[in-house]
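Colleague: The amino acid sequence is not available; the structure is as follows:
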Ligand SMILES: [Fe+2]
């Protein structure tokens, strides 16, 4: 699932308008009450279908002249590791980006996996602004049963109440978001509204590099495998009977290609990927178990993003390029974040399987990359 607490708290109360809300006492204490999760029984949506959404990064200038303008003397950014993750500490407000800079942001997370932006006023601009900001990048995902701010079902809310306490077993799960949908997420934003001073970080893992390190022979042996992904069981156990749109089960290639970089990544979640299709259960478990072991056993491919000490932090990542997990190593603090989840193309293993428009855009982008290198 995601960063925790899609589960509806038992303390929530249903109003006469059919909207389930957290108790009044939570609203009084919350730093951002308009962002508290609600569950509207009257709000129903159809199941997600395959979307056609050429990634905005395909339109970007590979030299980043708009996002990282040379004239921006305030810009302060560092690479978190040589190849995975970048942190912008000053000089950029996501809320002020031009369309060309937004395209470069989409390219940035495709190329670097994720980007951390500190001191963002996006956090304070409320659900309507954030929804319109996210929609620039493509259609937004609507979660089957997760809490959403009232009137804005396009957000997935992470809300862990203070009294829940320390329980790491309940939430740790390495995953890619919403992999059960027919078209799965690309660029994704998580904004920290309220959280512990220390802890509650998010772990990112480079699933592209995990794949790239396999021998060519082993890569060949993974060709053609597809896995089944589902949130049907989760909707029954975590939804407390609330369903906003139907849960889904879909099959996706175990290795998927990125339309911008044309690089391949492993594509599965620990909890929401049931099995590799066409294999017996024990055969499937051997392969998935080996892949899980490779994902967790290479610490140089793991990065822990700290939230606590920096106000207004927004983390942006590409769900095709990396895996992530919440880290519930804190207690005596609420944790409250909002997620904007943009849907990408239907996952495919090989470049030839991308639709014609995306293939053409991707080839043109690679030509621009080659020109920019000369
Ligand atoms: Fe997540």
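Modeller: Alright, I've got the coordinates. Not measured: the values here are computed from a predicted model.
Colleague: all contacts plus neighbour counts: C-alpha atoms, from now on.
Modeller: Will do.
Colleague: what's stretch 234-248 in contact with?
Modeller: Applying Cα atoms under 8 Å, 6 or more residues apart in numbering, the contact partners of stretch 234-248 are 6-8, 39-41, 43-47, 142-146, 180-181, 230-232.
Colleague: Can you give me the pLDDT of whatever residue of the stretch 101-250 of the chain ends up closest to the ion?
Modeller: Across the stretch 101-250 of the chain, the shortest distance to the ion (Cα to the ion) belongs to residue 177, at 4.9 Å. Listed pLDDT for residue 177 reads 96.
Colleague: Could you report the neighbour count for it?
Modeller: Residue 177 has 23 neighbours, counted by other Cα atoms under 10 Å.
Colleague: so it makes contact with residue 319?
Modeller: Yes: counting by Cα atoms under 8 Å, residue 319 is a contact partner of residue 177 at 6.5 Å.
Colleague: what's the overlap in contacts for those two?
Modeller: Common neighbours of residue 177 and residue 319 (Cα under 8 Å, 6+ apart) are residue 185.
Colleague: returning to that earlier point: for the residue of the stretch 101-250 of the chain closest to the ion, which three-state class applies?
Modeller: Assigned with DSSP: H, G, I helix; E, B strand; the rest coil, residue 177 falls in the coil class.
Colleague: Helices along the protein, start to end?
Modeller: 24-29, 99-112, 126-135, 207-212, 216-222, 232-238, 281-296, 356-373 (DSSP state H).
Colleague: Can you give the distance of the third one from its chain's centre?
Modeller: Going by Cα atoms, centre = their mean, to the nearest Å, the spacing between the C-alpha centre of helix 126-135 and its chain's C-alpha centre is 16 Å.
Colleague: In that helix, which residues are buried?
Modeller: 127, 130, 131, 133, 134, 135 (16 or more other Cα atoms under 10 Å).
Colleague: just the last one next, same as before
Modeller: Judged by neighbour count using 16+ other Cα under 10 Å, the buried positions of helix 356-373 are 358, 359, 361, 362, 365, 366.
Colleague: Which single one of those residues is nearest to the ion?
Modeller: Distances from the ion to the buried residues of helix 356-373, taken by Cα to the ion, are shortest for residue 358, at 25.9 Å.
Colleague: That closest one and residue 342: what is the separation?
Modeller: Using Cα to Cα, to the nearest Å, residue 358 is found at 17 Å from residue 342.
Colleague: Check residue 34 too.
Modeller: 22 Å.
Colleague: between the two, who's got more neighbours?
Modeller: residue 342 (26 against 13).
Colleague: Correct me if wrong: that one contacts residue 183.
Modeller: No: taking Cα under 8 Å as the definition, residue 342 is not a contact partner of residue 183, at 9.9 Å.
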